[in-house]
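Chemist: Quick check, what structure comes out for this input:
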Amino acid sequence: MALLSFLGVMAYALFFAGFLSINQADISGLKELDREAVAEVVNSHISGKYLGFLDKNNLLLVRSGFLKKDLKNRFKKIESADVRKKFPNALSVSIKEKESALIFCDGDNCFVIDKNGTAYSEKDYSWPEIRENRLITLRDFGEKSIKLGDEILSPGYLNYILNIENKIRDNLNVEMAKEYETPSRVSDDIRGITAEGWKIFFNQNVDLQKEINMLRIVLDEKVGNEKRKDLEYVDLRSDNKVYYKFKEGTEEEVNKDESSQSAEEKKVEDKKGKKKKN
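Modeler: Below you'll find the predicted structure:
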């Protein structure tokens, strides 16, 4: 009888007296996700009753695994969620968001690609990074369709695309638009457009810095600042030659040896200029 009384008191203390009632639910790690939306999901797991009489906000009754699974199902941007119970009445939810790398469009279907090159969500205009146009868009005109969970781009291909914008800006002071195209993602053919309106064709198999060096020669030696607005495209896809075309003209080319010679001549001229100043 004493044992039953003791068990009854313990059960009352643990489940009905409010001693373990959660009065604090901390959510951390959010960057792009809406805090109120995440909090609403968390609160749904600690509100109401089980079986009509057991409070869900009892720390002992919180099903951590189920909450983590629900959060990841509701928010595709969540990479991982850690739910910890803090005695006697606090719950801690730590979230790690997936790093969005770019937007990949296959026809009218657009997906967000993570840093591993995997499509993990359809394009969601409510996300701040998409709404504020912070992500590059790559449009694929190939025939192969994709679906969520597919590995779309290899890490090397992905890093190549992500490096174009900064390297072109830092090396040549040329701004790239955030729209790129490819006839097929298996072709290594990447096509971008500058803020000035002329296009640049890249080849993922050619070293990006080498392409930039070749582009510099074309812009400095063959085009010049005044005629840049008349450019239609510069094609950097060949390992040994660069092709360029003005809007009202025919395609012209610069070979590797010529560009190398021009670069060396420029270095010599720079050195001579420094000596004269000294």
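Chemist: Stretch 27-43: which residues count as buried?
Modeler: Of the residues in stretch 27-43, 27, 29-30, 32-33, 38, 41-42 count as buried by neighbour count, 16 or more other C-beta atoms under 10 Å. (C-beta placed from N, C-alpha, C; glycine too.)
Chemist: I'd like the residues you listed as a markdown table, with pLDDT and distance to residue 89 appended.
Modeler: A markdown table is the format used below for the buried residues of stretch 27-43 (pLDDT from 0 to 100; distance: C-beta to C-beta, whole Å):
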| residue | pLDDT | distance to residue 89 |
| --- | --- | --- |
| 27 | 93 | 16 |
| 29 | 94 | 22 |
| 30 | 93 | 23 |
| 32 | 88 | 30 |
| 33 | 90 | 25 |
| 38 | 94 | 20 |
| 41 | 93 | 20 |
| 42 | 90 | 15 |
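Chemist: Buried residues, stretch 208-227. List them.
Modeler: Applying a neighbour-count criterion of 16+ other C-beta under 10 Å, one finds 208, 211-219, 222-223 buried in stretch 208-227.
Chemist: Oops, could you answer that again for stretch 65-80 instead?
Modeler: So stretch 65-80, judged by 16+ other C-beta under 10 Å, has buried residues 67-68, 70-71, 75-78.
Chemist: measure the closest residue in space to residue 112 that isn't next to it in sequence to residue 104 for me?
Modeler: Closest residue in space to residue 112, ignoring its immediate chain neighbours: residue 121 at 4.6 Å, by C-beta to C-beta, 6 or more residues apart in numbering. Using C-beta to C-beta, to the nearest Å, we find residue 121 at a distance of 11 Å from residue 104.
Chemist: Overlap in contacts, the two.
Modeler: With contacts taken as C-beta atoms under 8 Å, 6 or more residues apart in numbering, residue 121 and residue 104 have 111-112 as neighbours in common.
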